[in-house]
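Colleague: sequence and predicted model, in that order:
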Amino acid sequence: MSSMDFKNIIGHEEIISRFMSSIETDRVSHAYIIAGEEGSGRYTLAEAFAKALQCEEGGSEACGHCKSCKQAESDNHPDIITVAHDKNTVLSVDCIRTEVVDSMGIKPYSSKYKIYIIRDGEMMTEEAENALLKTIEEPPEYGVIIIITKQLEKLLPTIQSRCVIINTKPVKEKDIHDYLASNYGISEEKISFAIEYGQGNLGKAILLATNEEYEGLVRSVIDLESNIFDMTLDEISEAIKRCVNYRMNINDYLDLMMMWYRDILVLKVTGNPDKILFKEQYSVIKDQAKYLSFNELEDKSRAIESAKQRINAHADMEDIMRLLILTLKEA
């Protein structure tokens, strides 16, 4: 993915102005953590910051035409190093030593800084974090480390205390609307569903608006939640197989289930169909709102949240989804 410039990023004005001001005043820190959920723009911000820091024009924004900017855009800048783990594995101490600690001592090839962007920082083992800590504590003056994470609390307190921590905030609905409308030629209905689903997360909204698989994900959740109270055991087994097919996106699947119950709650409280996400399923939701009590809705939301935590802790997905669907079916 070619790197972005500050001016092309949707939202995050505060973070961008903070980065620009640190470049202008030459008060760039040696270590940053950018924290936020998947799709919230963390990596894009890190890339734009790195590109601006290395720009040969020396302004607070990347010029886009010097050699350094061109290298950043084509993802082969010798002094911007991205460190990532293979899917489903940890970031080991060997990886951090080889890719960051040992190479940090080598001066930048052509730029003022040597910048390391560590993706999925929460995947570092404790040994890896401790190895990185020494470098963060005594960095060479050209060294900048940017750790990207979706679980800030998983990073050691000693790492957190030595970094500038930046939390991404939700992007305004109007900005997401304008971006989707001008870039993707999709219906207003689909845009409003994507905005509601994204909850301020532009990446999530784009995925839902543009990705066939996400359409399937939504349809699968609607199908499950609309029929859950009438399902036989065989149908439940089928539904579990479908959930497990979405292994990579199981958190999104659970988020959508959560939003189904949120819709029921909203309808119970306000009676206003405009406020719900699953507008086309209004009659089913209205029906379920009649016989699900507030307590039951709370129990169901809690069951989904607990399933999410157990899946993220790598428990067996099929067992968790079976238990969850049976729990949700009780009414």
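Modeller: Thanks, I have it. Numbers count the residues shown, from 1 in each chain.

Colleague: next, give phi and psi for the closest residue in space to Glu235 that isn't next to it in sequence.
Modeller: Take Glu235 and drop its neighbours on the chain: the residue closest to it by Cβ to Cβ, 6 or more residues apart in numbering is Asn227, 7.5 Å away. For glycine as for every other residue, the C-beta is placed from the backbone atoms N, C-alpha and C. With angles defined as degrees, to the nearest 10, Asn227 shows backbone torsions of phi -110, psi 0.

Colleague: residues near Asn227, how many?
Modeller: 12 (other Cβ atoms under 10 Å).

Colleague: now the one 5 residues further on
Modeller: Counted with other Cβ under 10 Å, the neighbours of Thr232 add up to 8.

Colleague: can you check Cys69 too?
Modeller: By other Cβ under 10 Å, neighbour count at Cys69 equals 21.

Colleague: could you pull out the helices for the stretch 1-150 of the chain?
Modeller: 13-24, 42-54, 67-73, 93-96, 102-104, 126-137 (DSSP state H, counting those that start in this stretch).

Colleague: what sits against Leu297?
Modeller: Contacts for Leu297 (Cβ atoms under 8 Å, 6 or more residues apart in numbering) come out as Tyr261, Ile264, Leu265, Lys268.

Colleague: quick check: the last one touching Gln288?
Modeller: No - at 9.6 Å, Lys268 and Gln288 do not qualify as touching, with contact defined as Cβ atoms under 8 Å.

Colleague: between these two, who's got more neighbours?
Modeller: Neighbours per residue (other Cβ under 10 Å) separate Lys268 from Gln288, with Gln288 holding more: 23 against 17.

Colleague: so which helix or strand takes in the more buried one?
Modeller: helix 282-291 (DSSP states H and E).

Colleague: worst-scoring helix or strand of the chain, pLDDT-wise?
Modeller: helix 233-245 (a mean of 80; mean pLDDT, DSSP states H and E).

Colleague: pull the distance from it to the chain's centre.
Modeller: 27 Å (Cα atoms, centre = their mean, to the nearest Å).

Colleague: which other helices and strands contact that helix?
Modeller: If contacts are counted by 3 or more Cβ pairs under 8 Å, 6 or more residues apart in numbering; DSSP states H and E, helix 233-245 sits against helix 212-227, helix 317-329.

Colleague: counting residues, name the longest strand you see in the protein.
Modeller: For the chain, the longest strand by residue count, based on DSSP state E, is strand 143-149.

Colleague: how far off centre is it?
Modeller: 17 Å.

Colleague: now the element after that strand, going C-ward?
Modeller: helix 157-161.

Colleague: next, the buried residues of the helix or strand following that next one.
Modeller: The helix or strand immediately downstream of helix 157-161 is strand 164-167, counting by DSSP H and E. For strand 164-167, the neighbour count (16 or more other Cβ atoms under 10 Å) marks Ile166 as buried.

Colleague: just stretch 151-161 next, same as before
Modeller: Leu152, Leu155, Ile159.

Colleague: got those as a markdown table, with distance to Met20 and pLDDT columns?
Modeller: Output for these, formatted as a markdown table (distance: Cβ to Cβ, whole Å; pLDDT from 0 to 100):
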| residue | distance to Met20 | pLDDT |
| --- | --- | --- |
| Leu152 | 23 | 93 |
| Leu155 | 26 | 93 |
| Ile159 | 25 | 94 |
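
Colleague: let me know the closest of those to Tyr197.
Modeller: Leu152 (23.7 Å; Cβ to Cβ).

Colleague: what's around the nearest residue to that closest one once chain neighbours are set aside, how many residues?
Modeller: Closest residue to Leu152 apart from its sequence neighbours, by Cβ to Cβ, 6+ apart: Ala35 at 4.1 Å. By the criterion of other Cβ under 10 Å, Ala35 has 21 neighbours.

Colleague: quick check: phi and psi at Arg162.
Modeller: As for Arg162, its main-chain torsions (degrees, to the nearest 10) stand at phi -100, psi 10.

Colleague: now it. Nearest residue, chain neighbours left out?
Modeller: Using Cβ to Cβ, 6+ apart, the closest residue to Arg162 is Ile136 (5.1 Å).

Colleague: do I have it right that the one you found meets Ile145?
Modeller: Yes - Ile136 is in contact with Ile145 according to Cβ under 8 Å; the separation is 6.2 Å.

Colleague: of the two, which one has the most company?
Modeller: Ile145 (26 against 19).

Colleague: check contacts around the more buried one.
Modeller: Listed by Cβ under 8 Å, 6+ apart, the contact partners of Ile145 are His30, Ala31, Tyr32, Val100, Ile115, Tyr116, Ile118, Leu132, Thr135, Ile136, Pro139, Cys163.

Colleague: in a markdown table: those, plus pLDDT and distance to Asn272.
Modeller: A markdown table is the format used below for the contacts of Ile145 (pLDDT from 0 to 100; distance: Cβ to Cβ, whole Å):
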| residue | pLDDT | distance to Asn272 |
| --- | --- | --- |
| His30 | 93 | 51 |
| Ala31 | 95 | 47 |
| Tyr32 | 96 | 43 |
| Val100 | 88 | 52 |
| Ile115 | 94 | 49 |
| Tyr116 | 94 | 49 |
| Ile118 | 93 | 45 |
| Leu132 | 92 | 50 |
| Thr135 | 91 | 54 |
| Ile136 | 93 | 50 |
| Pro139 | 89 | 54 |
| Cys163 | 94 | 44 |
